[in-house]
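[1] any chance you could fold what I've pasted below:
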Amino acid sequence: MAAHNTQKNNKTTKPGGKGGQTLVIAKTLAEEQRLKLERLMRNPDKLAPIPDRQREWTPRAPPEFVRDVMGSSAGAGSGEFHVYRHLRRREYQRQDFLDKMAEVQDKEQEYLDKVEENKRVADERTAKRRKKREKMKQKKIMAKKAKLEAQNKKDDADKASSSSEEEEDEEEEREADDDAEAPSFIMGKK
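    Numbering: from 1, shown residues only. Take a look at the predicted model:
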């Protein structure tokens with residue numbers, strides 16, 4: 001009795017399976033990915049499994065107290081060398097890991113220092129530009145005040161001169177009335 005009935009396109013049917021589901025064996029990676037997507041899309045309401053991020057490898061902490069201190073010197077048993085070699089390899093891995101972690105921390109610190117420096121430079125530039133804007137604003141205000149003062153002085157001078165001009169204008173009007181001259185131009189005539 002065969003456990004699986006082989007059909008076309010590498011599909012096999014499990015006897016007594018869920019509603020005659022077909023088992024498809026993927027030959028390529030693209031086909032495998034397509035099959036996974038089809039399985040996910042059969043039930044779109046079901047949440048897709050998202051694997052957790054793998055934790056980074058960390059070495060075991062070194063022992064606090066080493067009882068059997070050994071080396072690769074003469075007098076050690078033939079089996080002890082392999083234990084020594086394993087311990088040495090593990091210690092080298094731990095030191096390499098610590099070196100890499102120190103390098104990563106140095107890079108992070110350099111990055112943070114660079115960000116802080118860029119921020120400081122940007123703040124200085126902003127302060128300089130703000131000072132320049134304030135200076136320009138003060139210049140405009142001072143120019144406006146100077147213009148108003150000049151205008152006020154002119155108005156005061158005009159008022160003083162206008163009183164004398166008004167007297168002159170009145171005298172001219174009196175003279176014009178007395179003269180009763182004919183107008184110097186006539187409208188509508190060419």
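[2] which of the helices or strands spans the spatially most central residue of the chain?
    Nearest to the geometric centre of the chain sits residue 115, at 11.8 Å (C-alpha atoms, centre = their mean). Using DSSP states H and E, residue 115 sits within helix 80-179.
[3] and residue 55, its phi and psi?
    Reported as degrees, to the nearest 10, the phi and psi values for residue 55 are phi -70, psi 150.
[4] kindly report the same for the one 4 residues further on.
    Backbone torsions for residue 59, taken as degrees, to the nearest 10, come to phi -70, psi 160.
[5] count the neighbours of it for me.
    Counted by other C-beta atoms under 10 Å, the residues lying close to residue 59 total 14. Heads up, the C-betas are built off the backbone N, CA and C, glycines and all.
[6] before we move on, the earlier item: the residue nearest to the centre of the chain and residue 129, how far apart?
    Distance, residue 115 to residue 129, by C-beta to C-beta, to the nearest Å: 21 Å.
[7] same thing with residue 108?
    32 Å.
[8] check residue 96 too.
    49 Å.
[9] name the spans of the protein whose pLDDT lies under the cut-off.
    The model of the chain has pLDDT under 70 over residues 1-20, 68-77, 162-166, 174-190.
[10] repeat that with 90
    By pLDDT under 90, the low-scoring segments of the chain are 1-26, 36-44, 46-88, 91, 153-190.
[11] burial check on residue 35, number of neighbours?
    When neighbours are counted by other C-beta under 10 Å, residue 35 registers 13.
[12] list the contacts of it.
    24, 26 (C-beta atoms under 8 Å, 6 or more residues apart in numbering).
[13] surely it is within a helix?
    Yes. Under DSSP: H, G, I helix; E, B strand; the rest coil, residue 35 falls within a helix.
[14] tell me the secondary structure for residue 65?
    Assignment for residue 65 (three-state DSSP): coil.
[15] contacting residues around it?
    Contacts for residue 65 (C-beta under 8 Å, 6+ apart) come out as none.
[16] quick check: the gap between it and residue 110.
    Shown here: residue 65 relative to residue 110, a distance of 38 Å by C-beta to C-beta.
[17] repeat that for residue 136.
    Going from residue 136 to residue 110 by C-beta to C-beta gives 39 Å.
[18] same deal with residue 125?
    Here the criterion is C-beta to C-beta. By it, residue 125 lies 22 Å from residue 110.
[19] could you do residue 95 as well?
    Counting by C-beta to C-beta, the gap from residue 95 to residue 110 is 23 Å.
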